[in-house]
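Undergrad: What follows is a predicted protein model with its sequence.
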Number of protein chains: 6
Amino acid sequence: MKRGFYIGRFQPYHNGHQSVLEHIAGKVDEIIIGIGSAQLSHQVDNPFTAGERVLMITRALASLECPFYVIPIEDIQRNALWVAHVRSMAPPFETCYSSNPLVIQLFRESGIKVQSPALYERETLSGTEIRRRMLAGEPWEELVPQPVVRVLREIKGKERLLQIARND
Amino acid sequence: MKRGFYIGRFQPYHNGHQSVLEHIAGKVDEIIIGIGSAQLSHQVDNPFTAGERVLMITRALASLECPFYVIPIEDIQRNALWVAHVRSMAPPFETCYSSNPLVIQLFRESGIKVQSPALYERETLSGTEIRRRMLAGEPWEELVPQPVVRVLREIKGKERLLQIARND
Amino acid sequence: MKRGFYIGRFQPYHNGHQSVLEHIAGKVDEIIIGIGSAQLSHQVDNPFTAGERVLMITRALASLECPFYVIPIEDIQRNALWVAHVRSMAPPFETCYSSNPLVIQLFRESGIKVQSPALYERETLSGTEIRRRMLAGEPWEELVPQPVVRVLREIKGKERLLQIARND
Amino acid sequence: MKRGFYIGRFQPYHNGHQSVLEHIAGKVDEIIIGIGSAQLSHQVDNPFTAGERVLMITRALASLECPFYVIPIEDIQRNALWVAHVRSMAPPFETCYSSNPLVIQLFRESGIKVQSPALYERETLSGTEIRRRMLAGEPWEELVPQPVVRVLREIKGKERLLQIARND
Amino acid sequence: MKRGFYIGRFQPYHNGHQSVLEHIAGKVDEIIIGIGSAQLSHQVDNPFTAGERVLMITRALASLECPFYVIPIEDIQRNALWVAHVRSMAPPFETCYSSNPLVIQLFRESGIKVQSPALYERETLSGTEIRRRMLAGEPWEELVPQPVVRVLREIKGKERLLQIARND
Amino acid sequence: MKRGFYIGRFQPYHNGHQSVLEHIAGKVDEIIIGIGSAQLSHQVDNPFTAGERVLMITRALASLECPFYVIPIEDIQRNALWVAHVRSMAPPFETCYSSNPLVIQLFRESGIKVQSPALYERETLSGTEIRRRMLAGEPWEELVPQPVVRVLREIKGKERLLQIARND
């Protein structure tokens, strides 16, 4: 049994994440998807709750061939303990897939193998860009999988973001 | 879409949990399984990590007809905030299934519907009894689903419990 | 301006607290009442929220001659920091009134004057005894000021205690 | 009994707060004033302790017709739990008065009624402007109620702010 | 450079600790002494602050041949992260010396070598026994190194213990 | 016995710290060196763990005439409690040596004597400048004591800093 770990904040989950996960699905028997900063929500940079992000990911990956786990990971504010924290919350895994420099460094110092998948259209495919478009009233739906559009509508995600971004 | 929430510590997951979840599976469209005290492990009363418990539950429910989510829930040490905490970590749900008096009270005060499924063979089917049998060298395997036996062997769960229960 | 500080958990506020506070009212210009373990509620030993305890105290002291402040104090789990914590949450004061040995020791080590008022009918006038009576179905109302009886009825305090004390 | 909740950081309490609270006093039977970020002090943006802020507010509202509670509220760093946290620390209330977009969103998602009182002279009447004037040596006393000027002098508030704002 | 790690709560430091450390001094180039539960003090089971324990240990080991570090280690309440926590607070080490079953298990699961030195007169040489004697007014001084007797006198350690152990 | 307290983050320890400590060594019998923000590491502004900083300091001061303690101090995020926190972690001291305006204010409000030693070549001798040089590939070794250069090489400190500072 070969498991791979992938972490993101998924604010929101988008086509870049989907593309990386479809790539990882071809390399491992099971994927563990960690939702970082799980305790944050209702912030301009972190608008959605962990539960809402669980829903987006699970819906978007409904037809993925590879079994996967979705695990909220709360911050512990201590980088030196973070890998141990992740490993205590997730089923055992042997490879971490990440292109985040800090994540790579922390896993490497812990002696865990890291792979850095190429990111697909990094400039437009980012949570930052999607939140910017939502706030600017520009089209953002094409950047996320269709099931994520539906989840965001159900939870009134864009309305929440617009409200919390208003000036006092 | 009708979702039900069920919470336990699952130290370890056993046939009583399995029986309740099979019952809930007939009532809802999706089940959310919360792993309580997710941050605890390596204690005589809480020997297994959240990740190990995710694995036990997922393996044991592999053939369940009903889709399910497995969500580690860390303690927040404030009962008055616990329902809000659970709801932030889980996809939206409308019914909580529990026979724990405190859980029932907290969800009822929050205005959420609670159902109390009958517990099957409460005296022998409990984490406490299983851990007691492991420590006493008595047979415990019949009390948990077969896949859980396998997970516990892989992670050397009984050996860990015996070691941490030794006297200084 | 001479202020006195008095701390308790007030689970619930009772005639013993009332008697001590009436005594302190004759010694100082203003009283600061700290609600200890403010973050705890819905436990058999700590059934009521800080807000509910604020309400009990304020109602019971409505006709006290001496101005008073009611300040929830969350636990910080570090005894050596507790006096600094209390002082940061409360207006400045010069005397602490307490008969709790730890509170006395901590304030004395910080160089703050401590007075120990005699406790009135210590055996029956305690939160422990009141909660025991509620659980046993014995009369408890005579042990607390009338306004506290009314607050406890409004918040269904006894019903909450009975529910959370049930066995699983 | 109709209670209204109002929250601020009150760094320091000023005429804008006073004006809003006088307005709320005409609408409810009792006011609950929450002191946000109660645990912060001795920072350039948060110079005063919760206890010092309790004192400012209580002094400034000494002649208010409407009974009020002043409750320090520590941050919990999780927006999704914040309303439950506030409600556990405060007596029961039915309306929140706020013009902060995040506070409005959080209370609305919790199903609690929110009113947004008009703010009086928003540009000059803000904690930020008052702290700026203190640091620049400009007159600030006219922006806060007279009793707050006295409290700030007693606690040497301006001297503290000047010291902590110095460069290393 | 070969470093060994030794952990205790040292409430107080006694001859048993001294004997083990003198043994370890013969095996390594440098010793790291971790003070566990560093944040606790003023409790019947944890009467002394981390700083007071640093002083006891440093004084008692003044003539040890082997260089040593004394490092307060605060609890993190998560066993699965504890070894990473210890390693982030201490200089690098390769062997842990411990006879505590949980410490042994946690270090072994992390792949770090553990040695269990024989404990000298375990029944009488324990913090529990020394605190019991202090509370009972029995002689305890012979169980700790002379410099520790002096530190305890300077900080009035026994008086503190007697006071916090009194009944309310 | 006269003890002085000196605090820094030591990211990394440099010649400016060394110069101040040599100055303090002439004024007191023992020095306590507190390592601030001990829980932080693997950040661009806080790259090194507390344990690594303990090692740098101890090595650099190996030939100091004055006995010293090196104590990691975790942040508590509450300025009003910080002096009590420091005092609980350190042996008793009577003077704090600092030129940090907040540290000076906090100790003074606690009634503890503060001395502000002149800083030596403040512009170039700062952790910020040393980290900037490491990232820019400029020479930094002359700014820190030789033993610190060796520690940083052993732990691959510069490589860590370069990696965590990379863009995603």
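TA: Ah, there it is.

Undergrad: And the pLDDT at residue A:120?
TA: pLDDT recorded at residue A:120 is 66.

Undergrad: can you confirm residue A:5 is in a strand?
TA: Yes. The assignment for residue A:5 (DSSP: H, G, I helix; E, B strand; the rest coil) places it in a strand.

Undergrad: Which residue comes closest to the closest residue to chain F within chain A once chain neighbours are left out?
TA: Across chain A, the shortest distance to chain F (CB to the nearest CB) belongs to residue A:79, at 3.6 Å. Where C-beta positions appear, they are placed from N, C-alpha and C, glycine not excepted. Of all residues not flanking residue A:79 in the chain, residue F:42 sits nearest, at 3.6 Å (CB to CB, 6 or more residues apart in numbering or on different chains).

Undergrad: got the end-to-end distance for stretch A:135-153?
TA: By CA to CA, to the nearest Å, the extent of stretch A:135-153 from end to end equals 15 Å.

Undergrad: buried sites along that stretch?
TA: Within stretch A:135-153, the residues that count as buried by 16 or more other CB atoms under 10 Å in any protein chain shown are A:140, A:143-145, A:147-149, A:151-152.

Undergrad: and what of stretch A:82-100?
TA: Result for stretch A:82-100 [16+ other CB under 10 Å]: buried residues A:82-91, A:93, A:95-100.

Undergrad: mind checking how far it is from the chain centre?
TA: 14 Å (CA atoms, centre = their mean, to the nearest Å).

Undergrad: Quote the end-to-end distance of it.
TA: OK, stretch A:82-100 end separation, CA to CA: 14 Å.

Undergrad: Wondering if it reaches chain F at all.
TA: Yes. Interface with chain F: stretch A:82-100 contributes A:99-100 (CB under 8 Å from any CB of the partner chain).

Undergrad: Determine if any part of that stretch is in contact with chain B.
TA: Yes. Contact of stretch A:82-100 with chain B (CB under 8 Å from any CB) involves A:87-92.

Undergrad: out of these, who's nearest residue D:13?
TA: Nearest to residue D:13, judged by CB to CB, of these is residue A:89 at 43.0 Å.

Undergrad: Show me what from chain A comes close to chain B.
TA: A:38-39, A:41, A:49-52, A:54-55, A:58, A:69-72, A:74, A:87-92, A:155.

Undergrad: The host helix or strand of residue A:33 pairs with which strands?
TA: Using DSSP states H and E, the element containing residue A:33 is strand A:30-35. In the sheet, strand A:30-35 lines up against strand A:3-8 (parallel), strand A:68-72 (parallel) (DSSP bridges).

Undergrad: For it, the averaged confidence score.
TA: 98.

Undergrad: what about that strand, distance to the chain center?
TA: Taking CA atoms, centre = their mean, one finds strand A:30-35 lying 9 Å from the centre of the chain it belongs to.

Undergrad: and whichever helix or strand comes after that strand with strand A:68-72, angle?
TA: Later in the chain than strand A:30-35, the nearest helix or strand by DSSP H and E is helix A:50-60. With axes from the mean of the first three to the mean of the last three CA atoms, to 10 degrees defining the directions, helix A:50-60 sits at 160 degrees from strand A:68-72.

Undergrad: Now, the buried residues of stretch A:135-153 that are in helices?
TA: A:147-149, A:151-152 (DSSP state H).

Undergrad: helices and strands around the helix or strand harbouring residue A:162, which ones?
TA: Following DSSP H and E, one finds residue A:162 within helix A:157-164. Contact partners of helix A:157-164 among helices and strands, from 3 or more CB pairs under 8 Å, 6 or more residues apart in numbering or on different chains; DSSP states H and E: helix A:127-136, helix D:101-109.

Undergrad: which outside residues touch that helix?
TA: The contact list for helix A:157-164 (CB atoms under 8 Å, 6 or more residues apart in numbering or on different chains) reads A:12, A:42-44, A:47-48, A:52, A:131, A:134-135, A:151-152, D:101-102, D:104-105, D:109.

Undergrad: And the average pLDDT for that helix is what?
TA: In the prediction, helix A:157-164 has an average pLDDT of 98.

Undergrad: And that helix, how far out from the chain middle?
TA: Using CA atoms, centre = their mean, the offset of helix A:157-164 from its chain centre is 20 Å.

Undergrad: Likewise for stretch A:151-167?
TA: 19 Å.

Undergrad: Now do the buried residues in that stretch.
TA: Neighbour-count burial for stretch A:151-167, counted by 16+ other CB under 10 Å, picks out A:151-152, A:155, A:157-158, A:160-164.
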